[in-house]
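**Q** Sequence plus predicted model, see below.
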Amino acid sequence: MLPSRSAAALKLGAILGCRQASSILRRSTRVQLNKPTPDSGNSILKRRCTTINNETGMMADAAHPHPAFVRSATPRMTTINFSRTLLQLHSFWSSSHRLLSSSPSPSSSHPASALSHVDSATARPTMVDVGGKSVTRRTAQAQSRVLLPDHVADLFDNADKEWKGPKGPVLTTAIIAGTQAVKSTFTLIPFCHPLPLDSCKFTIDLIPFNHPLGSRALHILCTCSCSARTGIEMEALTGASVAALTVYDMVKAVSHDVVISDVKLIKKTGGKSDYGANPAPSSNPPTSTSTSQ
């Protein structure tokens, strides 16, 4: 039977449940030959494997003993360098504890209170209470870009700067769809407030823009304004996105090689702070053609 201190060390390694502890035990094991006994080697081997399993609580097949304890069929006695094992285990545990303690937790890096639509008390999504804010003039402008193959862009390069496809006038339909989307933003995005929309305008330009599909693109700008307690940037982004999606729907009968890109907020004013960003760069200045409402 193993010494009690050795059994305690083995149980400690099993509790830690890590391969590192097992390798430490194997490295610290000293195997000494014992005198042969009258009993057969196989029966002694099986009895000692059973004893080891009982001491450590490990379920191992007696016919396939753990190599840390039995090196061959020759009867052996296993002893553990107890002090060295405990010191190595303590060092490993301390270094792991320091590593875990120094790593920032997700909750500390991204506290729920930093997200306005997350309740800090329950960590559940919620609508922001804007009742205490003042009503101010709010404006926002967002953009999207529709990259067209050259043979599709040619359809818009005419005197009317419009193409009447199988479903009707493409850009006119996109403007109507975008305006509807702006007014329905609060039904699409769950925590947006219904806003009293004052104005919604679209500008769609066919601009030179080199990309893998061709050399031109439709540049869509959606500008919204209202007088309210919260901003209108989500409405502008929704309008620009749906207008671009509508263009895709209207031209997909000609080509599916159409890409929507560069959806972003350009600027917003009103409220606690203003924001201004440069529009996504184009390879050439835009043309003067536009369609607006």
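**A** The structure has been received and is ready for your questions.
**Q** Just the pLDDT for the residue lying closest to residue 199 once chain neighbours are set aside.
**A** Distances taken as C-beta to C-beta, 6 or more residues apart in numbering put residue 225 closest to residue 199, at 4.6 Å, once the chain neighbours are dropped. In short, each C-beta sits where N, CA and C put it, glycine included. Looking at residue 225, its pLDDT stands at 97.
**Q** Wait, a strand at residue 225?
**A** Yes - assessed with DSSP: H, G, I helix; E, B strand; the rest coil, residue 225 lies in a strand.
**Q** residues in contact with it?
**A** 137-140, 198-199, 232 (C-beta atoms under 8 Å, 6 or more residues apart in numbering).
**Q** at 6 Å what do you get?
**A** Shown in contact with residue 225 (C-beta atoms under 6 Å, 6 or more residues apart in numbering): 139, 198-199.
**Q** Same list (those) but as a markdown table, adding pLDDT and neighbour count.
**A** Below are the contacts of residue 225 laid out as a markdown table (pLDDT from 0 to 100; neighbours: other C-beta atoms under 10 Å):
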| residue | pLDDT | neighbour count |
| --- | --- | --- |
| 139 | 97 | 19 |
| 198 | 97 | 14 |
| 199 | 97 | 10 |
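**Q** Pick the one among those residues closest to residue 261.
**A** residue 139 (24.2 Å; C-beta to C-beta).
**Q** In terms of helices and strands, where is that closest one?
**A** If you go by DSSP states H and E, residue 139 is part of strand 136-148.
**Q** ok, and the closest non-adjacent residue to residue 163?
**A** Leaving aside its sequence neighbours, residue 163 sits nearest to residue 155 (C-beta to C-beta, 6+ apart; 4.0 Å).
**Q** how about the strands of this protein, start to end?
**A** Secondary structure of the chain, counting by DSSP state E: strands at 29-33, 76-80, 136-148, 164-165, 168-169, 197-211, 214-228, 259-269, 275-276, 291-292.
**Q** which residues are in contact with stretch 192-201?
**A** 179, 182, 185-186, 223-226, 228, 230, 232, 234, 292.
**Q** ok, now stretch 129-136?
**A** 227, 229-230, 270.
**Q** Separate out the buried members of these.
**A** Buried residues within these, counting neighbours by 16 or more other C-beta atoms under 10 Å: 229-230, 270.
**Q** shaky segments in the stretch 151-293 of the chain?
**A** Along the stretch 151-293 of the chain, the parts satisfying pLDDT under 70 run over 277-293.
**Q** Many thanks, we can stop here.
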